[in-house]
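Chemist: please work out how this folds:
(4 chains)
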2 protein chains.
Amino acid sequence: MAQQTEAVRRTPLTRDRVLRAAVALADDIGIEALSMRKLAKELGVVPMALYKHVSNKEQLLDGMVDVVMGEIDPPAPGSNWKSTVRHRILSARRAFLGHPWAAQVIQSRSSPTPVVLAYMDSVIGMFRTGGFSVDLTHHVMHALGSRMMGITQELFDAPPAPRAQTAPSQEDAGEYPYVMELAGAVAHDEDSVLGRGCDDQFEFEFALDLLLDGFERLRQQGWSSAGHLRGKTP
Amino acid sequence: MAQQTEAVRRTPLTRDRVLRAAVALADDIGIEALSMRKLAKELGVVPMALYKHVSNKEQLLDGMVDVVMGEIDPPAPGSNWKSTVRHRILSARRAFLGHPWAAQVIQSRSSPTPVVLAYMDSVIGMFRTGGFSVDLTHHVMHALGSRMMGITQELFDAPPAPRAQTAPSQEDAGEYPYVMELAGAVAHDEDSVLGRGCDDQFEFEFALDLLLDGFERLRQQGWSSAGHLRGKTP
DNA sequence: ACCTGAACACCGTTCAAGT
DNA sequence: ACCTGAACACCGTTCAAGT
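Modeler: A predicted model of the protein is given here:
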């Protein structure tokens, strides 16, 4: 035990080892509990030692995102743009699902790392190769937003459920009748795609396919933003 | 000056005054800089005095979101579901745009406040009244996600721009050719909807309308998730 | 030259001592 | 009963002193 600890300590600290330890620690204790001090302790190192490999916590978070991005499968060349984009995005989703904190972290960053930029470049390339104009590709990328990384834009972890503290009383049913109707259907309807609760993967693919189908329709129409100038008068 | 300070101090501290001061302070210094201690100082009060009105910082953030939600226009009844939903969402967007920190905060909450629940209820009601089945409405709400509040799921503040530190060199153009092509078009194309940079409002409405149109198509088809069971074999 | 302990300037929140 | 100062257990990061 003491030997193992020493062996671990003997392994020289590298940027890569710091980042991988940070990812593992965030997976374990959550991102809000992750601190430079705890990470240092985990690595058997004094807090200041980390600053030789990451210049500050911001850069640590950037590096952690890059580690997660590294788990995304390389693009699989396919015959049509839609399946290629779809597979890539669902692969990114798999990577991000393995690290629940990563979605939140990447959206808190102010600029993309080179690794993220490379991923975006590959997705943009799939649209361009698939016959999308530069103009349409631009709007399409905005419409995808973080969904491009397989990240769902849910508002809450469990949307149509009243706060845990408040028991779902008659009062709630009266105040939020539509929310209650939906929640009831989700809980009961065994014949639909929903078992207990929601099938997140189904919801993600539902929205993704709705968007991709919309993109394809616009592409076929030769859509251009030129017809939609700022004043909105055609 | 000292008189005014005293007058402010004389005004009794209420939950409402605490929340409004917190919103103003977050607007001013940013959400990451907002602390209980700074908020207390702003109100001319000792930090502990805040805890009489909000039980902790989490509840303060919940309350701040509720203040922003209060700026959303009441639902304007319209003839068709699409324009009603569209107007409500764009009104929410206006409220959230006035408080740039609010989008991030609402997505960090784990359960909706009653105020948020009431908003969701009204949106769900618009779909149900507009002829959407409970089943379709459920998936549609998931597909909207945080866009229901007018919140864009952009990945970064300025997506296709390399880090500020790194000058956009030839190297970048070689490594991210598609990103550069897009960035170039966005910067130059004066005839399209894009002036310098992106028109966020246009991008938001582009994606929203794409989704709403998709929803309408599914509604007309009488779409149901029953045909899309878990195994994906119809 | 490298490494690191102590220190600085903060946090959110508890708690006991004051009124 | 209410209010509040001091204290606790943390942060990220600087910096000067040690090797």
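
Chemist: tell me the contacts of A:Ile29?
Modeler: Residues in contact with A:Ile29 (Cβ atoms under 8 Å, 6 or more residues apart in numbering or on different chains) are A:Lys38. Placement of C-beta: from N, CA and C, glycine included.

Chemist: can you report phi and psi for the residue nearest the centre of chain A?
Modeler: Residue closest to the mean C-alpha point of chain A, counted by Cα atoms, centre = their mean, is A:Ile151 at 3.0 Å. Dihedral pair for A:Ile151: phi -90, psi 130, per degrees, to the nearest 10.

Chemist: quick one: low-confidence ranges for chain A?
Modeler: A:1-10, A:157-173, A:188-197, A:229-234 (pLDDT under 70).

Chemist: on that earlier part again, the residue nearest to the centre of chain A is in contact with B:Glu154, isn't it?
Modeler: No: using Cβ atoms under 8 Å, A:Ile151 is not in contact with B:Glu154; the gap is 11.2 Å.

Chemist: joint contacts of the two?
Modeler: Counting by Cβ under 8 Å, 6+ apart, nothing touches both A:Ile151 and B:Glu154.

Chemist: nearest residue to A:His87 in space, please, no chain neighbours.
Modeler: A:Ala76 (5.8 Å; Cβ to Cβ, 6 or more residues apart in numbering or on different chains).

Chemist: neighbours of A:Phe96, how many?
Modeler: Neighbours of A:Phe96 under the rule other Cβ atoms under 10 Å in any protein chain shown: 23.

Chemist: and it, what does it touch?
Modeler: A:68, A:102-103, A:149-151.

Chemist: look up how far A:Val67 lies from the residue nearest to A:His87.
Modeler: 22 Å (Cβ to Cβ, to the nearest Å).

Chemist: neighbour count winner among these two?
Modeler: Between A:Ala76 and A:Val67, counting by other Cβ under 10 Å, A:Val67 is the more crowded of the two (18 against 10).

Chemist: ok, and does the helix or strand harbouring that one reach over to chain B?
Modeler: Using DSSP states H and E, A:Val67 sits in helix A:57-69. No: figure legend: helix A:57-69 not in contact with chain B (Cβ under 8 Å from any Cβ of the partner chain); closest approach 9.5 Å.

Chemist: with stretch A:119-130 instead?
Modeler: Yes: against chain B, stretch A:119-130 shows contacts by Cβ under 8 Å from any Cβ at A:120-122, A:124-125, A:128.

Chemist: closest to DNA strand C among the residues you listed?
Modeler: A:Met120 (34.3 Å; Cβ to the nearest atom of the strand).

Chemist: hang on, that closest one packs against B:Leu182?
Modeler: No: counting by Cβ under 8 Å, B:Leu182 is not a contact partner of A:Met120; they are 9.1 Å apart.

Chemist: can you list the domains in chain A?
Modeler: A:9-55, A:74-158+A:194-230 (automatic domain parsing).

Chemist: and A:Gly131, how far is that from DNA strand C?
Modeler: 51 Å (Cβ to the nearest atom of the strand, to the nearest Å).

Chemist: what of A:His142?
Modeler: 34 Å.

Chemist: distance check, that residue against B:Ile151.
Modeler: For A:His142 relative to B:Ile151 (Cβ to Cβ), the value is 14 Å.

Chemist: give the contact list for the residue nearest to the centre of chain A.
Modeler: Neighbours of A:Ile151 in contact, by Cβ under 8 Å, 6+ apart: A:93, A:96, A:103, A:106-107, B:153.

Chemist: next up, the contacts around A:Met148.
Modeler: With Cβ under 8 Å, 6+ apart, A:Met148 has these contacts: A:89, A:92, A:120, A:123, A:141, B:155.

Chemist: surely the fourth one meets A:Arg88?
Modeler: Yes: using Cβ under 8 Å as the test, A:Val123 is close enough to A:Arg88 to be in contact (6.4 Å).

Chemist: elements contacting the longest helix seen in chain A?
Modeler: Secondary structure of chain A per DSSP state H: the longest helix is helix A:200-221. If you count contacts as 3 or more Cβ pairs under 8 Å, 6 or more residues apart in numbering or on different chains; DSSP states H and E, helix A:200-221 packs onto helix A:81-97, helix A:134-144, helix B:134-144, helix B:200-221.

Chemist: mind listing residues that contact the third one?
Modeler: When you say that, I think you mean helix B:134-144. A:152, A:154, A:159-160, A:181-182, A:185-186, A:189, A:192, A:194, A:198, A:202-203, A:206-207, A:210, B:89, B:120, B:123-124, B:127-128, B:132, B:148, B:211, B:215, B:218-219, B:223-226.

Chemist: now, of these, which are buried?
Modeler: A:152, A:154, A:159-160, A:181-182, A:185-186, A:189, A:192, A:194, A:198, A:202-203, A:206-207, A:210, B:89, B:120, B:123-124, B:127-128, B:132, B:148, B:211, B:215, B:218-219, B:223, B:225 (16 or more other Cβ atoms under 10 Å in any protein chain shown).
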